[in-house]
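Novice: Prediction below, plus the sequence it came from.
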2 protein chains.
Amino acid sequence: MARALSDECCPHQKLVQGFNALSHPARIKILKHLSGFDACCCKEVVQHLDLAQSTVSQHLKVLVEAGLVQVRPERQSSRYEVDTEALASLSEALSLLTQTCVDAKENKKLRLEAEANEQ
Amino acid sequence: MARALSDECCPHQKLVQGFNALSHPARIKILKHLSGFDACCCKEVVQHLDLAQSTVSQHLKVLVEAGLVQVRPERQSSRYEVDTEALASLSEALSLLTQTCVDAKENKKLRLEAEANEQ
DNA sequence: ATCGTATATCGCCGATTAACGATGAAAGGT
DNA sequence: ACCTTTCATCGTTAATCGGCGATATACGAT
């Protein structure tokens, strides 16, 4: 496997995990569903999505492991809830990355213009 | 396979593809690298990342297909460049999703308080 | 024409993912 | 005590991913 990626495995790691959690349509739907309703038990999501219960459970697990969803094991039905802070933090990170790219491009443009004027 | 997900294959599709492109550490690094330098040929990325050239080429392809990177086939070396607009748009979409969740949670809280006061 | 360089693509592999059904465990209701 | 509901986990299968080396392809230089 990734013999070359074992280095520096950390800074992006959480980021990458978050994006990975968002990289499946079912999980996006689950997130939206969770945000819109109070009854956040697994069964409800299952009914809404028409996927097998075990499959939904897996997707929920991925979301939980990525930190985007919190689970509170209740009486007989666990309750799932979007971790809005984590989601916001991921969103923030993407904003930052985007801004970095935008700024870099801007600087590049300015530098090119400066060079042109020096000629 | 996803017998159940063939429905409604579109609205999230681009989103999901974007997040998927961001869900690998090598691709995040590539994005950052592309944004920071002018010389955006494949070889340069290869040297920077210490992955095989074919592997980097694959990752670039994923980024291009997701629309986050634009490729301009030049003389003998293609030039890769971050599509800042697409990245910004993805970032925007995540912001929106986040806001949706935050708002829903806020509403939920308010509603619960209202119910409590009615008692 | 041939060589060198830069990419892209192919074929292969091992690992991972995503789906399912079946089974097990915990909690409630009767 | 027993049945039902709800969820998690296991095992299986098929598909996809991520890596590599090897092989095109395209072009400039000699």
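Specialist: Happy to help now that I have it. What you are looking at is a predicted structure, and each value in this text was computed from that prediction instead of being measured. Numbering: from 1, shown residues only, chains lettered A, B, ... in the order given.
Novice: For A:Leu97, list the residues it contacts.
Specialist: By CB atoms under 8 Å, 6 or more residues apart in numbering or on different chains, A:Leu97 lies in contact with B:28, B:31-32, B:87, B:91. Heads up, the C-betas are built off the backbone N, CA and C, glycines and all.
Novice: From these, keep the buried residues only.
Specialist: B:28, B:31-32, B:87, B:91 (16 or more other CB atoms under 10 Å in any protein chain shown).
Novice: and A:Val71, that one's in a strand?
Specialist: Yes - counting by DSSP: H, G, I helix; E, B strand; the rest coil, A:Val71 is found in a strand.
Novice: Which of the helices or strands spans the spatially most central residue of chain A?
Specialist: Centroid-nearest residue in chain A: A:Gly18, 3.3 Å away (criterion: CA atoms, centre = their mean). Using DSSP states H and E, A:Gly18 sits in helix A:13-21.
Novice: Could you find which two of the contacts of A:Leu97 are furthest from each other?
Specialist: Spatial extent of the contacts of A:Leu97 (CB to CB) is set by the pair B:Lys32 and B:Ser91 at 14.7 Å.
Novice: which one of the contacts of A:Leu97 is nearest A:Glu118?
Specialist: Nearest member of the contacts of A:Leu97 to A:Glu118, counting by CB to CB, is B:Lys32, at 29.0 Å.
Novice: So stretch A:38-47, near DNA strand C or not?
Specialist: No - judged by CB under 7 Å from any atom of the strand, stretch A:38-47 makes no contact with DNA strand C; its nearest approach is 9.2 Å.
Novice: before we move on, the earlier item: state the mean pLDDT of the helix holding A:Gly18.
Specialist: Mean per-residue pLDDT for helix A:13-21: 93.
Novice: That helix to helix B:13-21, inter-axis angle?
Specialist: Helix A:13-21 and helix B:13-21 meet at an angle of 150 degrees, taking axes from the mean of the first three to the mean of the last three CA atoms, to 10 degrees as the criterion.
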